[in-house]
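[1] please find the sequence and the predicted model below.
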Amino acid sequence: MKAKFLSAWVAMLFASCVHAGGPETVWEYEGEKGSRAWGKLDSAFSTCSVGKRQSPINIEEREAERGGLKPIPFSYKAGPGEILNNGHTIQVNLANSGSARFEGLEYRLVQFHFHTPSEEKINGMASHMVAHLVHRAGDTKLGVVAILIKLGKENVALKPVFDNLPASEGKTAPLASLNPADLLPADPTYFAYIGSLTTPPCTEDVKWHVMKTPIEISYAQLAAFKKLYKMNARHTQATNGRRVQVLTPDAAASGSAAPAASGAAAPSAPATKPSRH
């Protein structure tokens, strides 16, 4: 029952807009219904056009504020999941895979999904793919950890996902076990800023944490995803003077730093040592 409730909550959060008694609003990534037109497709999507704290963004590392961040305390654990083709991406729903702490508050990991190419850029450069690990605290607080992905060796931790991608929208496949800690890069450096969901309705006040160092997947794994979704990335958004912070090497080594000001992610304890990929 818990897993079914969680899956329903995640589907509701990231589904297309559905009007009472009417059809859902169709949106796409390119063309007339592409990301540049989302705000005009439905009044419920207006934030996609008028919002001032939208995601993704291009992160200029030299402009990021140094100091004030600590390594993210991840408390992930192995658990079962469900692989879902939701019509816009492949999403892995997780019922009991642990949590992470952002600004001292525990956020439970509820799902992760993929975009190709990566939606966020660092110094103007996108990666081949990104995994967005979506966390929630209570009913309204959202925190996302973005893990960039580049071509390289096969990713063993993601093999059960890429080997079982549901071929059509609405289809699912069971996932016996996956430990999200195995997806984290060894380098704990990340960028933090306040943004939004990257799909309609583009809800704002989402805490974003973009890991600097990519993990790897093989060409075959990327090709399997691109066979279903050739391109599913929103274009980058204006920063509009937002504060972007970066974890400094000394803070990463010591696990301590000065408290961050309100509005930026500032976990309060050292991160769990992740596996390498």
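    Looks like it came in fine. Residues are numbered from 1 along each chain as shown.
[2] let me know the next secondary structure element after the top strand by length along the chain.
    Longest strand in the chain by number of residues (criterion: DSSP state E): strand 204-217. Beyond strand 204-217 in the direction of the C-terminus, DSSP states H and E gives the next helix or strand as helix 219-228.
[3] quick check: neighbours of whichever helix or strand comes after that next one in the sheet, parallel or antiparallel?
    The first helix or strand that comes after helix 219-228 along the chain, using DSSP H and E, is strand 245-246. With DSSP bridges as the test, strand 245-246 is paired with strand 65-66 (parallel), strand 190-196 (antiparallel).
[4] what mean pLDDT does the helix or strand that comes right after strand 245-246 have?
    Once the chain leaves strand 245-246, the next helix or strand it forms, by DSSP H and E, is helix 249-254. The pLDDT scores in helix 249-254 average 71.
[5] quick one: helix 249-254 to chain centroid distance?
    Chain-centre distance of helix 249-254: 24 Å, with Cα atoms, centre = their mean, to the nearest Å.
[6] list the buried ones in that helix?
    For helix 249-254, burial by neighbour count (16 or more other Cβ atoms under 10 Å) applies to A251, A252. For glycine as for every other residue, the C-beta is placed from the backbone atoms N, C-alpha and C.
[7] contacts for that helix next, please.
    Residues outside helix 249-254 that contact it (Cβ atoms under 8 Å, 6 or more residues apart in numbering) are G67, L69, K70, P71, D187, P188, T189, A257.
[8] doesn't K141 make contact with L105?
    Yes. Assessed by Cβ atoms under 8 Å, L105 is found in contact with K141 at 7.3 Å.
[9] quick revisit: out of the contacts of helix 249-254, the closest to Y219 would be?
    Using Cβ to Cβ, D187 comes nearest to Y219 of the contacts of helix 249-254, at 23.3 Å.
[10] quick one: contacts for that closest one?
    D187 is in contact with M211, K212, T213, A252, counting by Cβ under 8 Å, 6+ apart.
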